[in-house]
Each structure stands twice: as structure tokens, then as C-alpha cells.
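A.B. asks: Got a predicted model here, sequence first, then my questions.
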Amino acid sequence: MKKSVEILGLPVISITEGRELGMSKTLLIDAKNGTVAAVTIEDEDWYRGVKLIPYESVIAIGDDAVTVTNSENILSLSDAGDFEALLDENIRVIGTKAITKSGTIQGNISELFIGDDGKIEKCEITAPDGTTTEVTSDQISIFGKQVTVIDPNGEKKNKPVTPKAPEAAEAPKAAPAPKAPEAPKAEAPAPKAEPEKAPEAPKAAPAVKAEPKKEAPKAAPAAPAAPAPKAEPKKEAPKAAPAAATAPAADAAKQAAADKATEERHRRFLLGKKATRDIKMDNGIVIVQAGQDITEEVLQKAKLANKFIELSMNVR
């Protein structure tokens with residue numbers, strides 16, 4: 001289990017190519033499933049747009065690096081169709097208010113603990129007085145954009161069933177109390193109470209089986225990701241005609257159209273969001289201040305100053 005701070009800022013290494021592919025930048029949270037879906041990275045081609053590594057493609061997260069099989073595990077924004085909705089939601093968890101179902105604010109989420117499978121195992125809450133507490137994933141009801149809803153008694157949901165058993169056993173003992181000579185009869189009803197508890201156990205079992213059935217359809221939306229690789233054969237088709245003098249120009253036009261489409265999608269992704277810190281030009285001129293909305297004017301300034309990706313990595 002790793003803290004988020006132990007994952008971010010590490011170099012991403014390809015173990016088959018023997019080279020560094022970039023630096024881990026942020027965690028892409030799947031709020032519905034309570035998991036880390038991907039890790040966004042920043043590399044030397046940051047100006048081309050956001051890039052990410054699906055968490056399932058990560059081989060290991062060590063003390064000094066994040067390892068992947070090769071550079072093909074890195075997805076650009078145009079190839080990350082399965083993650084586009086999560087990028088739009090942009091749920092960070094850290095920094096959100098931790099509030100109970102009864103309406104009590106306990107503090108702010110200050111840290112996440114992630115398991116080897118990418119599941120958020122627990123969260124650290126920092127109270128206004130500086131003290132910290134931890135809540136497990138069982139105690140978290142909702143990961144929201146501004147608020148994380150918790151249930152402090154989440155771990156005890158299954159425990160109320162056990163105290164009811166001794167109460168049922170004590171009820172028959174109260175009846176034989178006035179009949180001193182009929183003490184052995186008190187043992188007879190006791191086994192009768194136990195078979196009545198037996199059917200209660202199978203009733204709890206269907207409730208567990210019902211949950212995977214609800215999760216099953218969630219895997220279905222991932223199937224549309226198949227069309228993404230089909231785009232590559234289309235680019236290779238014109239290469240079959242080397243004799244055509246206009247082929248390089250056609251390829252350049254298609255690439256320009258693809259780059260323009262990617263830039264437009266990236267622009268729509270950023271519009272309306274807020275900067276999380278000041279973004280400045282190299283000469284110190286402020287492009288946008290922390291907390292300000294991202295507008296067309298801000299995007300134009302960032303693009304001209306080569307700060308487009310730095311801006312995209314620091315919005316909410």
C-alpha cells in the first residue's frame with residue numbers, strides 16, 4: 001500500500017526499452033469504483049497534450065520509480081477514450097471536505113492510501129486543529145468533486161447481527177424460570193432457536209451476489225475502446241502508393257487535422273475550469289492566477305508562452 005505522495009513525482013521507466021518515459025504527475029480517480037484508474041505523466045513532449053498510463057499497465061511502484069513494460073503503455077489524450085469522462089470529472093479527492101452523513105464536517109482529506117490493485121484503501125483526514133485520523137474505504141460513501149461523504153460506523157454494519165443471537169437464546173430461558181422441576185425442558189427450545197437462525201445466513205448471501213451483477217454492466221462501456229487502435233490502419237493506407245507525388249502532402253494534411261482535433265478537445269476540456277496555482281511566462285508575467293477561471297484569452301496566452309501543458313496539469 002502506497003501514499004499518493006509516494007507515487008507522484010517518480011520517474012516512469014520502460015523495463016524493455018531501458019529509458020525514462022516521463023514523470024508521474026497526478027492520479028486519475030474513478031470515483032464510482034473508488035480506485036485509481038490511471039497516472040498522468042509529464043514528458044519532454046508535454047506541449048502535445050496530456051498523457052497517461054492506465055493503472056493496470058503499471059508493473060510496480062517502487063521507492064525510486066514507476067515501472068511499465070514499454071512506451072506503448074502510454075496513452076495520449078486522443079487515444080484515452082475510456083478515460084475521457086474521468087478527465088472531465090477531474091475528481092482529486094485530496095483537498096475535499098470530509099463530511100458525515102449526519103452533516104458534521106470532520107476536516108479535509110489530506111492523503112490517500114492506494115493498494116497494489118489501485119483500490120483506495122483508506123483516506124487521511126486533517127481536522128481544523130491539525131490532528132489527523134484515518135477512514136477505510138468501507139467507511140466512505142461517496143468521492144465527490146468538493147466533498148467526500150463518510151460513514152464513521154461503516155465497519156460495524158455487519159456487527160449488529162451477532163448481538164441479536166444471544167438475545168434470542170435468553171428469551172426461552174426466561175420462560176422455564178418459574179418451573180423449577182422442568183429445568184431440562186429449557187434445553188429443548190434452545191436447539192429450536194438455532195435452526196431459525198440458520199436461514200438468516202443464506203438471506204445475507206444473496207445481498208452479496210447482487211452487487212457483482214450491478215458491477216458487471218460497468219465493464220461493458222470499456223468495450224468501445226476498441227475503435228481507437230482501428231485509426232492506425234487508416235493512416236497506413238496511403239503509404240501503399242509511394243509513386244504518388246502528393247502522398248507526403250496528404251499525410252501532412254491528415255496529421256495537421258488530427259493535431260487540430262486534439263487541440264480542440266484539449267481546449268474544451270480546460271475551458272471553465274479554475275487554475276490551482278499561478279501560471280507565469282518565462283519573463284514573470286502572470287498568465288492566470290490561482291483560483292481564476294480558464295478562458296479563451298488565458299488559453300491563447302498559455303499557448304503563445306508554451307505553458308499550455310503546465311496550465312492543463314494545474315486545473316480543477
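C.D. replies: Done, it's in. Numbering: from 1, shown residues only.

A.B. asks: what number of residues lie near Ala249?
C.D. replies: Per other C-beta atoms under 10 Å, the neighbour tally for Ala249 reads 10. No exception for glycine: its C-beta is placed from N, CA and C like everyone else's.

A.B. asks: how close does it sit to Ala256?
C.D. replies: In this view, Ala249 and Ala256 are 10 Å apart by C-beta to C-beta, to the nearest Å.

A.B. asks: cool, Thr40 as well?
C.D. replies: Taking C-beta to C-beta, one finds Thr40 at 26 Å from Ala256.

A.B. asks: How about Leu28?
C.D. replies: Leu28 is 29 Å from Ala256, where distance means C-beta to C-beta.

A.B. asks: same thing with Arg268?
C.D. replies: For Arg268, the distance to Ala256 - C-beta to C-beta - is 19 Å.

A.B. asks: before we move on, what about Glu263?
C.D. replies: Counting by C-beta to C-beta - Glu263 and Ala256 are separated by 10 Å.

A.B. asks: So between these two, which is more surrounded?
C.D. replies: When Glu263 is set against Ala256 and neighbours are counted by other C-beta under 10 Å, the residue ahead is Glu263, at 16 against 10.

A.B. asks: excluding its backbone neighbours, what's nearest the more buried one?
C.D. replies: Nearest residue to Glu263 in three dimensions, chain neighbours excluded: Gly49, at 7.6 Å (C-beta to C-beta, 6 or more residues apart in numbering).

A.B. asks: quick one: that neighbour and Thr262 touch, right?
C.D. replies: Yes: between Gly49 and Thr262 there is a contact under C-beta atoms under 8 Å: 5.8 Å.

A.B. asks: Overlap in contacts, those two.
C.D. replies: By C-beta atoms under 8 Å, 6 or more residues apart in numbering, Gly49 and Thr262 have these common neighbours: 76-78.

A.B. asks: For the host helix or strand of Ala98, buried residues please.
C.D. replies: Element membership for Ala98, per DSSP states H and E: strand 97-100. Neighbour counts over strand 97-100 (16 or more other C-beta atoms under 10 Å) mark 98-99 as buried.

A.B. asks: which residues are contacting that strand?
C.D. replies: 105-109, 123, 125, 135, 146-152.

A.B. asks: Among those residues, give me the pair with the biggest separation.
C.D. replies: Across the contacts of strand 97-100, the longest distance by C-beta to C-beta is 20.1 Å; it joins Gln146 and Pro152.

A.B. asks: Mind checking which of the two has more residues around it?
C.D. replies: Between Gln146 and Pro152, counted using other C-beta under 10 Å, Pro152 has the larger neighbour count: 14 against 10.

A.B. asks: who's in contact with the more buried one?
C.D. replies: 100, 135, 139.
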